[in-house]
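> below are the sequence and a predicted model for it; my questions follow.
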Amino acid sequence: MNKNLLDLSYSEVQSLVHELNEPNFRAVQLFDWLNKGVKFSEMKNLPKAFIDKLVNEGYIDQPLQIVQVLESKIDGTKKYIYKLNDGNVIEGVLMKYKYGNTICVSTQVGCRMNCAFCASGLDGLVRNLTAGEILAQVVAVNRDNSEDKKERAITNIVLMGSGEPFDNYENVTKFLQLVNAKEGLNVSLRNISLSTCGLCNRIYDLADSNLPVTLTISLHAPDDETRKKIMPVSNKYGISDIMKAVKYYFDKTKRRIVFEYSMIKGVNDTLDHANKLSKLLKGLSCHVNIIALNPVKERGLNGTNKQSIKEFMDVLIKNNISCTLRRTMGQDLEGACGQLRRKFIKDNTTIE
Ligand code: SAH
């Protein structure tokens, strides 16, 4: 079984270096190289004998490689396909904004949540990603985009790719610690958003973990009846559970809560829904991201038209609920969560 060096924290790398009878400064050098996306063969200031020891112990340098990059001609958005060492394939996106570059990372191969509009859950969960495999996405894309080696190309991270972060809690929280490490990429927790479909027990855990990232809730409905039609998770946790948990999260972290609301024609997009949503969120420090549905062929759902989205948002605005329509990026590329990965797998599978 391969052991992934990017899974290790700085202090774990220090212990390893110590165990291998190497001087302490090798830990700084090794950790720095790993977080730059560099392979063993390129770690110029490390003696071959040290690298040989690591290899003999079963350690690997980078746990994934970029196998495809698609760049949008419209806005420069880049979609990435990565191959993991066990042959599994995951996807990610880099979005370029005025204030910096945001990477969207995957936390699982596939997903168990099976939301009615999402491509990631179509084949269920394949496996969890390790902390190092989540970090490796940031590391690889950062390297791919740093012409000037000194400056970090990635400024923001959203955990909104394939998978449910709270269904892989231990690895995801370790990833947050790794990517925030001052000896590594040192991305501020304030610049990281974690998106969940609402596994409420983990909202409390995260609130108590001293990792104050922005919590984003995929709400998509203001009442349980509507939510149950599109999100199986709502059979376990109702809207009232979510509201209680996010209030706890806000009290602990003082971070504004973000709600995502994808507009699905004839399901969650009436003015009645908008009024209910306003009532639900009244008085909470929050923001609503309205998302135009990215239709997934296999799912058979359609998006709400522009005019109705506007009318829906007008109700929220009238009720003083802060909201914005998420800019659609990279529209000329294969869009929604999990779609690009599926296409890649299909195109690269030879039927015998
Ligand atoms: N499992 C996490 C994160 C992954 S999805 C979660 O549920 O939040 C990131 C966001 O994209 C979620 O709000 C999800 O509901 C939304 N989403 C997924 N597929 C979509 C689609 N086809 N169109 C619009 N939004 C979608």
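That came in fine, so what should we check first? Numbers count the residues shown, from 1 in each chain.

> please see if stretch 131-148 touches the ligand.
No: residues of stretch 131-148 are not located near the ligand by Cβ under 6 Å from any ligand atom, the shortest gap being 12.8 Å. For every residue, glycine as well, the C-beta is placed using N, CA and C.

> if I look at the residue nearest to residue 242 when sequence neighbours are not counted, how far off is residue 93?
Take residue 242 and drop its neighbours on the chain: the residue closest to it by Cβ to Cβ, 6 or more residues apart in numbering is residue 198, 5.0 Å away. Using Cβ to Cβ, to the nearest Å, residue 198 is found at 23 Å from residue 93.

> ditto for residue 56
Distance from residue 56 to residue 93, by Cβ to Cβ: 37 Å.

> and if you look at residue 216?
Per Cβ to Cβ, residue 216 is found 15 Å from residue 93.

> the two: which has the busier surroundings?
More crowded of residue 216 and residue 93, by other Cβ atoms under 10 Å: residue 93, with 25 against 20.

> wait, a helix at the more buried one?
No: if the criterion is DSSP: H, G, I helix; E, B strand; the rest coil, then residue 93 is strand and not within a helix.

> residues touching the closest residue to it other than its chain neighbours, list them.
Distances taken as Cβ to Cβ, 6+ apart put residue 104 closest to residue 93, at 4.3 Å, once the chain neighbours are dropped. Neighbouring residues of residue 104 by Cβ atoms under 8 Å, 6 or more residues apart in numbering: 92, 93, 94, 95, 158, 159, 160, 161.

> okay, and the beta partners of residue 104?
Counting by DSSP bridges, residue 104 forms beta bridges with residue 93, residue 158.

> near residue 39, how many other residues are there?
If you count neighbours by other Cβ under 10 Å, residue 39 ends up with 12.

> identify the residues contacting it.
Applying Cβ under 8 Å, 6+ apart, the residues near residue 39 are 61, 62.

> likewise the one 4 residues further on?
With contacts defined as Cβ under 8 Å, 6+ apart, the neighbours of residue 43 are 29, 30, 33, 51, 61.

> what helix or strand is the fourth one located in?
Secondary-structure element containing residue 51, defined by DSSP states H and E: helix 48-56.
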